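K.L.:
Following is a predicted model, sequence given first.
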Amino acid sequence: MAGCAIEPSRVQHGKPAARRGRLARHAQGAAWLVRAWLTLGLVWLAFAAVEARAAYKVDIQASPRAVRKLLEEHLDIARFAKRDDVSDDQFDFLVTATPQQVRDLTATAGYFSPVVRTDVRTVDGKKRVTVSVDPGPQTTISSVTLSFNGPVLTEDPAQENATRFAFSLHEGDPFSQGGWDDAKSAALRALQARRYVAAKITQSQARIDPRTHEAKLSVTFDSGPTFTMGKLEVVGTERYPAKIVDNVNPISVGAIYDVQRVAELQRQLQNTPYYASVAIDVGNDPAKPLETPVRVKVSEYPYNSIRGGVGYATDTGPQVQGNYSYLNTFGAAYPFTVGGRIDQIEQFGQIQLSMPPGERAWTNSVLASYGTTNVSDTRIYSIRAGVQTTRTSQYLDYGYSLFYYDDRLDQNAVGPITAHALVPAWTWTRRNTDDPLFPRSGNLLHVEAGFAVKGALADQTFGRLYARAQQYFPVGKSDLVLIRAEFGGVFTSGSSSGIPASLLFRAGGSNSVRGYSYEGIGNNVDGSVLPTKYLITASSEYQHWFTHDWGGAVFFDIGTATDTWGEKVFYPGVGFGARWRSPVGPVNVDLAYGIRNKDIRPYLTLGIAF
């Protein structure tokens, strides 16, 4: 450290005041210089002290990669390497403890005979630790024995089989502590999922032979008695009638306990507009298995709520939407809702008054809406009003409606065309997937059917059918194939001019045929793409997931929309994209090439189609 010494000023008494001033200024400057040097010295000492205690460097050499990552994350000498307060004694202790810690950690991954070498050197004044690990052969499972006690042996062999199937370890699989714990937990949950909510593991053992590197696993389950469901005990219903909970409840008193029924009850309650959160607890006292209580705790929404949001989609551009709800109209928990959405293509508004869910969760409502669309030089103005009754369950949605449509279509070729129709309709949706948000297997189906009769508030007699399906096929551990198909048809003996335009079809866009503009496939007349009587689209997509959250996809789409099936023209498109499992749902970013129009288009979508 550099420094300097300042001698005290020799001030001679009796000298002029100017000289004394100069001497005073010199003394002040000297004092400032002392403080500056002292400050720099302290800073230098602090950095030197940090460097003296600086984080040593650790290099872990191990194969396979999973073992190296395990040691890097959990080995103490690696975890403390970033700290600057490790003393020499603590460092020596960490080095000494490293071989045993390596043995303990690798044992959790099924490596019970590792060879560990620890080398400590000082390079350029800094300690470097090299931990070399040869984990040896990984232990494999030589036998799995699952035993059962209790009524499951005679009452429900299928539940025993489901438990065995849920146990994920098999002969020949590598053994690890995490896999062993996960397999036991999954099997126990499967046994508890139906009838035996109080089931437990009474014995489990993993016998490891370090010489043969084999593991023999055994687990004994006790099913306990069969549980049946009792009455609901509801807590938290202050604003809205407790009868709402009973009306949407799919569980009957005395029914055999089933975790899927409990999950369905929770979904049914959360599908209503009244409850912000729902928690359900089922009693599991094996001494009282019959009509065990089902405790439901709800947190209610306030009467008034205002919601809004902004977004963006490549098909429709930026959008703004808002919604106002009042949930206690007439003082009888009738939800009244006013909502709207505006984007570059469509402007839509709706007003709706509903009744509380009735028996079996059927909900009646009356509504009216007004919407305009302006796409492909075609403008559609549509008024819709009517009544409907709907029912939503865990896997199936039903709907019956009676709507009156009053539409106007503007195009380039001729003047405005109007059409009216009173349409009774039926809708049905089925969800049968392994995951509602990020499905890998299963399917989604949606069907609509309706009709109109000329003279009965309709300009033309017609029948309308629309169907959409998505099928997911898992490939390996993470990849999947997605197949999508869509069909729509309006069947009438006349032309489409007497049918409301909002009931006809066009194709193209991110959820239709990629590579073409949104609703840009239809009947092209003088530059206006008019909606048509028939629609068919199909898509195949392969998704490869590099990590749990990020993947890529390649796809092929094809489809057409036409008024005359014999004159149909198919529009194919190909492309690739990125997939992200975001916290709010799947996000897809695609780049597609329309083969017929030789055009490249990007697409950004959020969520699945159902």
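P.N.:
That came in fine, so what should we check first?

K.L.:
Report the contact partners of residue 308.
P.N.:
320-323 (C-beta atoms under 8 Å, 6 or more residues apart in numbering). All C-beta atoms are positioned from the backbone trio N, CA, C, and that covers glycine.

K.L.:
Apply 10 Å and report the result again.
P.N.:
Neighbouring residues of residue 308 by C-beta atoms under 10 Å, 6 or more residues apart in numbering: 320-324, 339-340.

K.L.:
Can you flag the buried ones in the residues you listed?
P.N.:
339-340 (16 or more other C-beta atoms under 10 Å).

K.L.:
In helices only, show me the contacts of residue 308.
P.N.:
Using DSSP state H, no member of these sits in helices.

K.L.:
May I ask which two of the contacts of residue 308 are separated the most?
P.N.:
320 and 324 (14.4 Å; C-beta to C-beta).

K.L.:
now could you export just the CA positions of the biggest strand by length in the chain as PDB?
P.N.:
For the chain, the strand with the greatest residue count under DSSP state E is strand 417-433. Provided in PDB are the C-alpha atoms of strand 417-433 (Å, rounded to 0.1, in the frame of the first residue of the first chain):
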ATOM      1  CA  ILE A 417     -77.700  -8.800 -49.400                       C
ATOM      2  CA  THR A 418     -79.900  -9.400 -46.300                       C
ATOM      3  CA  ALA A 419     -81.000 -12.800 -44.800                       C
ATOM      4  CA  HIS A 420     -83.100 -13.800 -41.800                       C
ATOM      5  CA  ALA A 421     -83.600 -17.100 -40.100                       C
ATOM      6  CA  LEU A 422     -85.000 -18.600 -36.900                       C
ATOM      7  CA  VAL A 423     -82.600 -21.500 -36.100                       C
ATOM      8  CA  PRO A 424     -83.200 -24.200 -33.400                       C
ATOM      9  CA  ALA A 425     -79.700 -25.700 -32.700                       C
ATOM     10  CA  TRP A 426     -77.900 -28.300 -30.700                       C
ATOM     11  CA  THR A 427     -74.200 -28.300 -29.700                       C
ATOM     12  CA  TRP A 428     -72.100 -31.000 -28.100                       C
ATOM     13  CA  THR A 429     -68.400 -31.000 -27.000                       C
ATOM     14  CA  ARG A 430     -66.400 -33.800 -25.600                       C
ATOM     15  CA  ARG A 431     -62.900 -33.500 -24.000                       C
ATOM     16  CA  ASN A 432     -61.000 -36.700 -23.500                       C
ATOM     17  CA  THR A 433     -57.400 -35.800 -23.100                       C
END
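
K.L.:
Who are the packing partners of that strand?
P.N.:
strand 378-392, strand 396-410, strand 442-452, strand 462-475 (3 or more C-beta pairs under 10 Å, 6 or more residues apart in numbering; DSSP states H and E).

K.L.:
do you know which of these lies nearest residue 482?
P.N.:
Here strand 462-475 is closest among these (C-beta to C-beta), at 5.9 Å.

K.L.:
Can you tell me the strand partners of whichever helix or strand comes after that closest one and which way each runs?
P.N.:
Counting by DSSP states H and E, the next helix or strand C-terminal to strand 462-475 is strand 479-491. In the sheet, strand 479-491 lines up against strand 462-475 (antiparallel), strand 534-545 (antiparallel) (DSSP bridges).

K.L.:
my read: residue 148 touches residue 200, true?
P.N.:
No: using C-beta atoms under 10 Å, residue 148 is not in contact with residue 200; the gap is 11.8 Å.

K.L.:
Contact partners for the closest residue to residue 195 other than its chain neighbours?
P.N.:
Distance criterion C-beta to C-beta, 6 or more residues apart in numbering; nearest residue to residue 195, sequence neighbours excluded, is residue 226 at 4.6 Å. The contact partners of residue 226, by C-beta under 10 Å, 6+ apart, come to 150-152, 155-156, 159, 194-198, 256-257, 289-290.

K.L.:
how does the protein divide into domains?
P.N.:
With automatic domain parsing as the criterion, the domains of the chain are listed as 57-134, 140-222, 229-300, 385-606.

K.L.:
could I get those as TSV with mean pLDDT and distance to residue 354?
P.N.:
Listed next are those as TSV, based on pLDDT from 0 to 100; distance: least, C-beta to C-beta, whole Å:
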stretch	mean pLDDT	distance to residue 354
domain 57-134	90	52
domain 140-222	95	34
domain 229-300	94	8
domain 385-606	94	9
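
K.L.:
Just the CA coordinates for stretch 270-277, please, in CSV.
P.N.:
Output of stretch 270-277 as CSV, limited to C-alpha atoms (Å, rounded to 0.1, in the frame of the first residue of the first chain):
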residue,chain,number,x,y,z
GLN,A,270,-65.4,-23.1,-10.8
ASN,A,271,-67.3,-23.1,-14.0
THR,A,272,-70.1,-21.0,-12.4
PRO,A,273,-69.6,-17.3,-12.2
TYR,A,274,-70.0,-17.2,-8.4
TYR,A,275,-66.8,-18.7,-6.9
ALA,A,276,-63.3,-17.4,-7.0
SER,A,277,-61.8,-20.5,-5.3
